[in-house]
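**Student:** using only what follows, build the 3D model:
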Amino acid sequence: MTASPFDHPILGRLLGDEELATYFTAAADIDAMLGFETALADAEAKAGLIERSAAEAIRAAVEGFSPDLAALAEGTARDGVAVPALLAQFRRALDPDAAKALHTGSTSQDVIDASFAMRLQGVSLVLDRRLEALVSALTEWGLKDGDRTVMAHTRMQAAKPVRFARKIAAWTDPLVRCRLRREEIAPRAFALRIGGAVGDRAGFGERGEAVARDVAQALGLHYAPTALHSERDGIAELASWLSLVTGALGKFGEDVTLAVQNEVGELTLEGGGGSSAMPHKQNPVGAEVLVTLARFNATLLSGAHQALVHENERSGAAWTLEWMILPQMAMAAGAATRTALDLVPRLAVAETTSDVG
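**Tutor:** Now for the predicted structure:
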């Protein structure tokens, strides 16, 4: 086994997601943090807090900046966050006036939270696109085979015959609701959390609201009237959403594992997994992975709710917990949507079933 199955050279093909992994690289994080500093400088120049020439110098310097990752790692180990070391390196690429203007009125949490929000919003849009594709695939399957008769099961026992459309609806409708929920939580989950040293935006003087609005617009994030440094319910909502996505797909996977059992035979699976000891088997690996990922995210969700407890105006402990948990939950949701998209076309209603008369 490995500490992280998501990027393992072997397990990654089963449990990882190459597309979503790009949002959690050091390069993506640094690019987003520098994007925040650029947007902040532009907004502050517009508000008259720094010179326009300083903002232009900051924007120009980003293009050719190449951070020393080893020094960032050392600085993070010392400071608990990468921002002081990153800014120290970046200031060396600036003239004295621009170096002094950089990061005016801001704090490390503003930078890190903005980077996290931008990248997680991108993740959510990838997942939403995949959910749309899954809904379409399941709907198409329902149009094809919805009138076929299968056995309904209650409490794991055969109950009464039912149209296959009933099962399709149970798999599809939660995914539709997940898409709607993403839109509903977006203003809180993907808000710009900016407040300066103690969250009161005092470092921006009387232009705090204007600066926050302009930075949010530039970064494609939602404006929030307060800093949200220690109010983390929006992030907990995102964690819940990720668990709902994997949970909905886990229910689909569980139903598939039961329906393709030899003694049940309601569904057939093309291209199941093999066995080292029993070559006749077609193991429903993809469906089982969906169940695993649902249970994985369900356990991590409690950890995300632990991170709601941000003491006073900033918590190093709860904040760091978010960095550990949210990327894993996002990767699990990515693996689940990827796996489900591969699984659906390989499933079919068994020929022994009949049409509803």
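
**Student:** contacts only, for Arg78.
**Tutor:** Contact partners of Arg78, counting by Cβ atoms under 8 Å, 6 or more residues apart in numbering, are Ala85. From N, CA and C alone the C-beta is placed, and that goes for glycine too.

**Student:** do that again at 10 Å, thanks
**Tutor:** Counting by Cβ atoms under 10 Å, 6 or more residues apart in numbering, Arg78 touches 84-85.

**Student:** in three-state terms, label it for me.
**Tutor:** Under DSSP: H, G, I helix; E, B strand; the rest coil, Arg78 falls in the helix class.

**Student:** Met151 too?
**Tutor:** Following three-state DSSP, Met151 is assigned to strand.

**Student:** how many neighbours does it have?
**Tutor:** 14 (other Cβ atoms under 10 Å).

**Student:** for it, list each beta-bridge partner.
**Tutor:** With DSSP bridges as the criterion, the beta-bridge partners of Met151 are Pro161.

**Student:** confirm for me that it is in contact with Ala259.
**Tutor:** Yes: the criterion here is Cβ atoms under 10 Å, and Met151 meets it with Ala259 at 9.4 Å.

**Student:** what touches both of the two?
**Tutor:** With Cβ under 10 Å, 6+ apart as the test, Met151 and Ala259 both reach Glu266.

**Student:** can you list the low-confidence ranges for this protein?
**Tutor:** 1-2, 272-281, 353-357 (pLDDT under 70).

**Student:** hmm, try it at 50
**Tutor:** For the chain, the stretches flagged by pLDDT under 50 are 275-278, 356-357.

**Student:** which parts of it are strands?
**Tutor:** 148-154, 157-163, 267-269, 347-349, 354-355 (DSSP state E).

**Student:** the fourth one - contacts with which helices or strands?
**Tutor:** By that I understand strand 347-349. Contacts defined by 3 or more Cβ pairs under 10 Å, 6 or more residues apart in numbering; DSSP states H and E place strand 347-349 against helix 108-145, strand 148-154, helix 233-259, strand 267-269.

**Student:** so which bits of stretch 253-273 are buried?
**Tutor:** 253, 255-257, 259-260, 266-269, 272 (16 or more other Cβ atoms under 10 Å).

**Student:** send me that stretch as PDB with only the CA atoms.
**Tutor:** Only the C-alpha atoms of stretch 253-273 are listed here, as PDB (Å, rounded to 0.1, in the frame of the first residue of the first chain):
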ATOM      1  CA  GLY A 253     -22.200   1.000  -7.700                       C
ATOM      2  CA  GLU A 254     -23.700  -1.100  -4.800                       C
ATOM      3  CA  ASP A 255     -26.800  -1.800  -6.900                       C
ATOM      4  CA  VAL A 256     -24.700  -2.900  -9.800                       C
ATOM      5  CA  THR A 257     -22.600  -5.300  -7.700                       C
ATOM      6  CA  LEU A 258     -25.800  -7.000  -6.500                       C
ATOM      7  CA  ALA A 259     -27.500  -7.000  -9.900                       C
ATOM      8  CA  VAL A 260     -24.500  -8.700 -11.800                       C
ATOM      9  CA  GLN A 261     -24.200 -11.500  -9.300                       C
ATOM     10  CA  ASN A 262     -24.500 -14.800 -11.100                       C
ATOM     11  CA  GLU A 263     -27.400 -16.000  -9.100                       C
ATOM     12  CA  VAL A 264     -29.300 -12.700  -9.700                       C
ATOM     13  CA  GLY A 265     -28.300 -11.900 -13.200                       C
ATOM     14  CA  GLU A 266     -30.400  -8.800 -13.700                       C
ATOM     15  CA  LEU A 267     -27.500  -6.900 -15.300                       C
ATOM     16  CA  THR A 268     -24.600  -8.000 -17.400                       C
ATOM     17  CA  LEU A 269     -21.100  -6.400 -17.200                       C
ATOM     18  CA  GLU A 270     -18.800  -6.400 -20.200                       C
ATOM     19  CA  GLY A 271     -15.100  -6.400 -19.300                       C
ATOM     20  CA  GLY A 272     -15.100  -7.200 -15.600                       C
ATOM     21  CA  GLY A 273     -12.000  -7.800 -13.600                       C
END
